[in-house]
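S.K.: structure, please.
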Amino acid sequence: MNVGVISRNVGIALICCAVFMFLSALVAALDGFDSSFSPLLLSGILTMMVGIFPLVFVRRHRDINTREGLAILLIAWFFSCVFSMLPYVLWGGEFSLVNAWFESTSGITTTGATILDDIEALPKGLLFWRSSTHYIGGLGVVVFIMMILPSFGTVRFKMSKMDVDDISKNNYQYKSNKFIRVVVSVYLGITVCSLTALLLAGMPLFDAVNHALSVTATGGFSIKNASIAAYDSPLIEIILTLFMIVASLHFGLIYASFATRTFKVFKNPVTKFYLVTILVMGLLVAGNLVASGTIPNVWSALRHGFFSVVSTISTTGFGSTDTNVWPIFSILILLYAGIQCGCSGSTTSGLRSDRVYLAFKAARAQVVKMAHPSAVVQVKSDGQAVDRDLIMSVVLYVLIYLFLTLIMAIVYAAFGLDLLTSVSASVSMMSNVGPCFGTFGSSMSSFAAAPEVVKVLMGFQMIIGRLGIYSLLLVFVLYRKRA
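M.R.: Predicted coordinates for the structure are as follows:
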């Protein structure tokens with residue numbers, strides 16, 4: 001394994017982080033050189049120096065094998081989380097080393113959970129940096145790397161497609177280079193459109209910029225203690241709901257829809273399944289809120305019910321009200337939403353709707369096969385037979401995901417967390433949703449009261465959830481073979 005080629009490309013990822021640190025320092029300067037200016041400037045300089053060092057002293061290599069590509073993937077994410085801690089640690093306040101690790105990892109993985117009890121006490125430069133970590137992680141440090149990787153072979157293709165299920169590939173055909181341009185174009189397009197819409201809805205410029213960065217990355221960091229509830233604006237909530245849905249759809253399909261001037265994205269069976277799931281869960285939650293008397297007004301129940309469902313299933317994690325006081329039925333629906341999540345090829349995590357859709361199709365086919373043993377039953381999607389290897393891959397992924405989520409819930413319970421908090425926190429960290437239910441970490445509270453060791457473990461679980469289970473398993477398999 002070529003250590004030089006790994007360090008060179010990880011350095012590129014750190015340079016990307018440094019650029020956003022300098023932008024955040026500029027925001028601090030425009031705000032009258034607030035208290036975050038020096039920490040951000042110093043952090044940017046240190047991160048830039050570390051990132052540039054291997055570019056200067058390591059020769060450029062054009063060939064990267066799969067093992068080196070995966071090493072770049074993992075190390076780039078981990079180092080981005082570590083160096084993103086610097087502005088928090090240097091600024092101080094609530095940011096102990098552990099809290100800085102949690103906040104940094106939550107940002108880069110687009111989880112959106114926070115340890116801050118008073119977000120609004122932060123200076124504007126640091127608030128912008130929090131939102132920037134979402135933006136970096138949403139597009140993916142690895143995508144930044146792939147844009148300038150010296151290798152244009154199979155490794156780059158595998159890395160760019162690692163998070164895209166085969167069921168969605170049938171609706172678009174892009175080569176590796178084109179796919180990266182597609183992702184970047186859609187990402188920037190969503191950012192500009194959401195920013196414009198929020199400004200037209202009356203949100204202040206600084207607030208709109210931060211929330212646009214967050215909603216595009218499906219991250220969930222808000223600059224308000226009460227999250228979106230602070231604005232008490234149905235229009236803003238509707239705008240964010242629409243853009244959370246868009247940001248959780250397959251970027252390739254969104255691009256294809258605009259390129260062909262058709263509604264191609266809505267013809268995809270996974271997209272249909274995803275939107276129907278949102279509709280059904282939103283109606284169920286709203287009905288439960290009205291029936292239980294939690295929110296007697298039907299319009300308010302629909303407003304907060306759909307916003308919370310979309311916020312959870314898109315893994316954004318914004319809050320329009322305190323969901324922690326909702327009936328257990330609504331909470332369980334939101335927990336399921338946090339497990340299924342959005343579509344592959346987007347900035348979401350979790351199982352992804354693609355896998356859940358195929359799992360349901362496979363289960364149905366198995367039931368039919370049991371009823372008619374002699375029949376030849378195929379799993380089909382959009383009229384095409386789905387490969388059995390893909391079905392097995394999906395089922396295995398679902399089992400591993402649920403197993404790891406359960407194990408981490410047990411670990412959190414061992415440190416004194418109650419059942420609801422342990423389970424919901426594990427689901428939230430594994431799917432990068434952000435808020436959880438129970439003792440702490442709801443849509444209107446923070447993880448500040450969580451034990452220190454739990455915060456550290458949650459940070460690593462966020463990284464596992466963001467990178468994907470198979471990419472991590474592939475690393476272990478490849479390096480075990482090498483040994």
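S.K.: just read off the phi/psi values of residue 380.
M.R.: The phi/psi pair for residue 380 (degrees, to the nearest 10) reads phi -120, psi 150.
S.K.: surely it meets residue 386?
M.R.: Yes: applying CB atoms under 8 Å, one finds residue 380 in contact with residue 386, separated by 6.5 Å. The C-beta positions use only the backbone N, C-alpha and C, and glycine is treated the same way.
S.K.: which of those two has more residues huddled nearby?
M.R.: residue 386 (19 against 12; other CB atoms under 10 Å).
S.K.: excluding covalently adjacent residues, which one is nearest to the more buried one?
M.R.: Nearest residue to residue 386, sequence neighbours excluded (CB to CB, 6 or more residues apart in numbering): residue 379, at 4.5 Å.
S.K.: and the one you found, how far from residue 350?
M.R.: Noted for residue 379: a distance of 21 Å to residue 350, by CB to CB, to the nearest Å.
S.K.: of those two, who's got more company?
M.R.: More crowded of residue 379 and residue 350, by other CB under 10 Å: residue 350, with 26 against 21.
S.K.: so that one versus residue 395, what's the distance?
M.R.: Distance, residue 350 to residue 395, using CB to CB: 16 Å.
S.K.: for residue 414, same thing?
M.R.: Taking CB to CB, one finds residue 414 at 29 Å from residue 395.
S.K.: looking at these two, which one has more neighbours?
M.R.: Set residue 414 next to residue 395 and count neighbours by other CB under 10 Å: residue 395 wins out with 15 against 10.
S.K.: how about the helix or strand encompassing that one: buried residues?
M.R.: Using DSSP states H and E, residue 395 sits within helix 388-414. Residues 390-391, 393-394, 397-398, 401, 404-405, 408-409, 411-413 are the ones in helix 388-414 that count as buried (16 or more other CB atoms under 10 Å).
S.K.: redo the residues you listed as JSON lines? Include distance to residue 87 and pLDDT.
M.R.: As requested, those are arranged in JSON lines below (distance: CB to CB, whole Å; pLDDT from 0 to 100):
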{"residue": "390", "distance to residue 87": "42", "pLDDT": "82"}
{"residue": "391", "distance to residue 87": "45", "pLDDT": "86"}
{"residue": "393", "distance to residue 87": "40", "pLDDT": "83"}
{"residue": "394", "distance to residue 87": "40", "pLDDT": "87"}
{"residue": "397", "distance to residue 87": "35", "pLDDT": "89"}
{"residue": "398", "distance to residue 87": "38", "pLDDT": "91"}
{"residue": "401", "distance to residue 87": "32", "pLDDT": "93"}
{"residue": "404", "distance to residue 87": "31", "pLDDT": "94"}
{"residue": "405", "distance to residue 87": "31", "pLDDT": "96"}
{"residue": "408", "distance to residue 87": "28", "pLDDT": "96"}
{"residue": "409", "distance to residue 87": "32", "pLDDT": "97"}
{"residue": "411", "distance to residue 87": "30", "pLDDT": "97"}
{"residue": "412", "distance to residue 87": "28", "pLDDT": "97"}
{"residue": "413", "distance to residue 87": "33", "pLDDT": "97"}
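S.K.: nearest to residue 57, of these?
M.R.: Minimum distance to residue 57 across the buried residues of helix 388-414 is 38.9 Å, recorded for residue 404 (CB to CB).
S.K.: find the nearest non-adjacent residue to the closest one, please.
M.R.: Nearest to residue 404 is residue 430, by CB to CB, 6+ apart, at 6.6 Å.
S.K.: now swap in residue 235 and tell me
M.R.: residue 201 is the one closest to residue 235 (CB to CB, 6+ apart), at 4.8 Å.
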